[in-house]
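A.B. asks: Show me how the following folds:
(2 chains)
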Amino acid sequence: MIKYHISRSDFVSAPLSSIRDGFGEALVELGRKHWNVVTVMADLGGSLRMQAFAEQFPERAFEVGVAEQNMIGMAAGMAKEGLIPFAGSFAAFSPGRTFDQIRVSVCYSNNPVKVVGGHAGVTVGPDGATHQMCEDLAMMRALPNIEIVVPSDGPSAIALTEATALREYPAYIRLSRAKSKALLSAKAVKFGEVTQLKPGQDVTLITMGVLVDRTMQLAFDLEDEGISAEVLLVSTLKPLEEKALIAAAKRTGRVVTLEEHQKYNGLGSAVAEVLSQHAPTPMEIIGIEDTFGESGQSEELLDAYGFERSHLLKRVLQFAARTQ
Amino acid sequence: MSAPVSSVADAQQIRELIVRMLQRAGSGHAGGPLGMADLFAVLYRQVLQHNPHRPQWEHRDRVVLSNGHTCPVLYATLALHDYFPEEELWQLRRLHAELQGHPHQKEAWGIETSSGPLGQGVSQAVGMAVAAKFLHRKHHIYCFSSDGEHQEGQVWEAYLAGAKYAVDNMTILIDRNYTQISGVTEQVMPLDPLKDKISAFGWRVYEINGHDHEAIFHALQEAKADGEPSVIIAYTEPGHGVSFMEGKFSWHDYHASPAEARRALNEVQSLDNTLENLHHD
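C.D. replies: Modelled structure (predicted):
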């Protein structure tokens, strides 16, 4: 576990950063360092910030059009031949409609394709429910061999993308359209490790992705109510640093997970699987409540779908009272 | 195993191994593999640049079996060419066997990709062809597919991409036997005019009798040299070589009784595989 403490003033003053911009920047850097890094795009390279790579390395940027299944298949063939392909689309389309190709062409054969799912979660905003992918982690968690990476701000996107590229396994990288505070640095995240963003004694808040902002705010709000909240950030859902979660659960005795994903089969489930077997601990799993999203602005949607500031505070206070 | 000297002898041995392997396994697919035996025999004996003793030689030609359910023909061919001992064939579909019911990528044994869910191999082969061009390698990519597989949308996505990236280093061989698991392709979901459809996607299409070794050989040579992405539609008879399986979609899956298996073996062993006869199939 990496300890990287963020004070209230650090948090308040942190500027906004873009996860997808960080990803795009890392791709270009990878392109410079490694001749065999290539991209495969399905008409959404611009939205995923893959265009800078395509401009700098046009011979290494492959555009397959609106054909996600073929994108994954071709990437698998390229990976098998020694290239390092980043195959990107919106998460709603890949893995949304490429589960079979990721399962067989990528995972079963262990071809190290880096599947990039952009615009994940409700925070994609006005596009509405069809594009608000909240089931991708459930799909990817179920597959053997694939690693799952969820950057939470611009700097972590750079560090995690670079780390993922060099690993000899398939990976799923989940990106968001929404911006989040630049809270981290390259030192603050490490592949396969959890980052402690704030120490605390009474409850452990575990989060992932853009929800790190609201989770930090929640931790400070809990402090104001006299509850000392620890915050852990998960950057790789697979591999998951189980020891860090178990140790935290034993320290505080209460665990709350927050994720921009269905409350089933995502972060909360992963944490519950670990704790229920190794350190049974009362848990509150906060995610999308088994429902589809709708159009709206990203911040409005987070408010409407269970992550409004006062609602979160009330929910965790009730959980804490219940588990005295 | 005695060393066969020609693709015709190879085809006979491949058919025999298919029947014996399926009988031991007790399940699997029969019609497609028997129908494709001649294609595999010619490709591996006369055309393919490969070295079974160096299966991961980077300049080897790649063979992708996209219609993975026909893997008995691939396994038989690989055993015939000493990629692995023939005994491994008798473990097909058994627990802990290397030879799975559908192929699992294992380059060291000549199995280039995993396949089974249809459509995926064609995309992978296009990706391998694009990669080979990017890497300035001269090897060729052969991809086996079936007619039924062409009902998968992904195949057509792959055709679009193959034309865009001008994969002149790739040849698709379609086992056109007009059968699929539930019946005749043209009743289940019509594919004809298949040649015109594929041509319209920008691939050069050859049509041959898939049991005529000379025609197979020439088509493979031409397809490799024509400077375009190519498809060979090989008209075949499912179950070819076993009279009671020939042309019958009910033998897509293997379900022979011991007596039927003996008869099938006798037939494939006595198959009059002279080139002359095959020409007049």
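
A.B. asks: what domains does the record give for chain A?
C.D. replies: The record's domain parsing of chain A by automatic domain parsing lists A:2-13+A:185-322, A:16-181.

A.B. asks: Just the mean pLDDT for the longest one, thanks.
C.D. replies: Over the span of domain A:16-181, the pLDDT mean works out to 98.

A.B. asks: Likewise for stretch B:267-277?
C.D. replies: pLDDT averaged over stretch B:267-277 gives 63.

A.B. asks: how about the residues of chain B near chain A?
C.D. replies: B:104-105, B:112-117, B:119-132, B:134-135, B:153-154, B:157-158, B:160-161, B:164-165 (CB under 8 Å from any CB of the partner chain). In short, each C-beta sits where N, CA and C put it, glycine included.

A.B. asks: Show me where chain B has its strands.
C.D. replies: Taking DSSP state E as the test, the strands found in chain B are B:62-65, B:141-146, B:170-176, B:179-180, B:183-184, B:204-209, B:230-235.

A.B. asks: can you redo these as TSV with mean pLDDT and mean neighbour count?
C.D. replies: Converted to TSV, the strands of chain B look like this (pLDDT from 0 to 100; neighbours: other CB atoms under 10 Å in any protein chain shown):
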stretch	mean pLDDT	mean neighbour count
strand B:62-65	98	26
strand B:141-146	98	27
strand B:170-176	98	28
strand B:179-180	94	25
strand B:183-184	93	13
strand B:204-209	98	19
strand B:230-235	98	23
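
A.B. asks: Please identify the buried residues of stretch A:304-322?
C.D. replies: Buried residues in stretch A:304-322, defined by neighbour count with 16 or more other CB atoms under 10 Å in any protein chain shown: A:305-308, A:312-313, A:315-317, A:319-320.

A.B. asks: circling back: what subset of the residues of chain B next to chain A is buried?
C.D. replies: Buried subset of those (neighbour count, 16+ other CB under 10 Å): B:104-105, B:112-117, B:119-132, B:134, B:154, B:157-158, B:160-161, B:164-165.

A.B. asks: Sheet partners, orientation included, of whichever strand or helix holds residue A:173?
C.D. replies: Using DSSP states H and E, residue A:173 sits in strand A:171-174. Sheet pairing of strand A:171-174 (DSSP bridges) gives strand A:114-118 (parallel), strand A:147-149 (parallel).

A.B. asks: quick one: contacts of the last one?
C.D. replies: Among residues not part of strand A:147-149, those counted as contacts by CB atoms under 8 Å, 6 or more residues apart in numbering or on different chains are A:137, A:140-141, A:160-161, A:164, A:167, A:169-174, A:191, A:235-239.

A.B. asks: Can you get me the centre-to-centre distance for that strand and its chain?
C.D. replies: In terms of CA atoms, centre = their mean, to the nearest Å, the centre of strand A:147-149 is found 8 Å from the chain centre.

A.B. asks: Just give me how far the helix or strand following that strand sits from the chain centre.
C.D. replies: For strand A:147-149, the following helix or strand on the C-terminal side (DSSP H and E) is helix A:154-165. Offset of helix A:154-165 from its chain centre (CA atoms, centre = their mean): 12 Å.

A.B. asks: Now do helix A:154-165: which elements does it pack against?
C.D. replies: Under the contact definition 3 or more CB pairs under 8 Å, 6 or more residues apart in numbering or on different chains; DSSP states H and E, helix A:154-165 sits against strand A:16-18, helix A:19-33, strand A:147-149, strand A:171-174.

A.B. asks: didn't residue A:160 look like it was pressed against residue A:237?
C.D. replies: No - counting by CB atoms under 8 Å, residue A:160 does not reach residue A:237; the two are 11.7 Å apart.

A.B. asks: Comparing the two, which shows the higher neighbour count?
C.D. replies: Ranked by neighbour count (other CB atoms under 10 Å in any protein chain shown), residue A:160 and residue A:237 place residue A:160 first, with 27 against 23.

A.B. asks: who's in contact with that one?
C.D. replies: Residue A:160 touches A:149, A:151, A:173, A:189, A:191, A:235-236, counting by CB under 8 Å, 6+ apart.

A.B. asks: Quick check: the residue of the stretch 151-300 of chain A nearest chain B.
C.D. replies: Nearest residue of the stretch 151-300 of chain A to chain B: residue A:170, at 12.6 Å (CB to the nearest CB).

A.B. asks: send the alpha carbons of stretch A:161-174 over as PDB?
C.D. replies: Below are the C-alpha coordinates for stretch A:161-174, written out as PDB (Å, rounded to 0.1, in the frame of the first residue of the first chain):
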ATOM      1  CA  THR A 161      -1.200   3.500 -18.700                       C
ATOM      2  CA  GLU A 162       2.500   3.300 -18.900                       C
ATOM      3  CA  ALA A 163       2.700   0.600 -16.300                       C
ATOM      4  CA  THR A 164      -0.100  -1.400 -18.100                       C
ATOM      5  CA  ALA A 165       1.600  -1.300 -21.500                       C
ATOM      6  CA  LEU A 166       4.700  -3.100 -20.300                       C
ATOM      7  CA  ARG A 167       2.900  -6.000 -18.600                       C
ATOM      8  CA  GLU A 168       2.600  -9.200 -20.500                       C
ATOM      9  CA  TYR A 169      -1.100  -9.700 -19.800                       C
ATOM     10  CA  PRO A 170      -4.400  -8.500 -21.400                       C
ATOM     11  CA  ALA A 171      -5.800  -5.500 -19.600                       C
ATOM     12  CA  TYR A 172      -9.000  -3.400 -19.500                       C
ATOM     13  CA  ILE A 173      -8.400   0.300 -18.900                       C
ATOM     14  CA  ARG A 174     -11.500   2.100 -17.800                       C
END
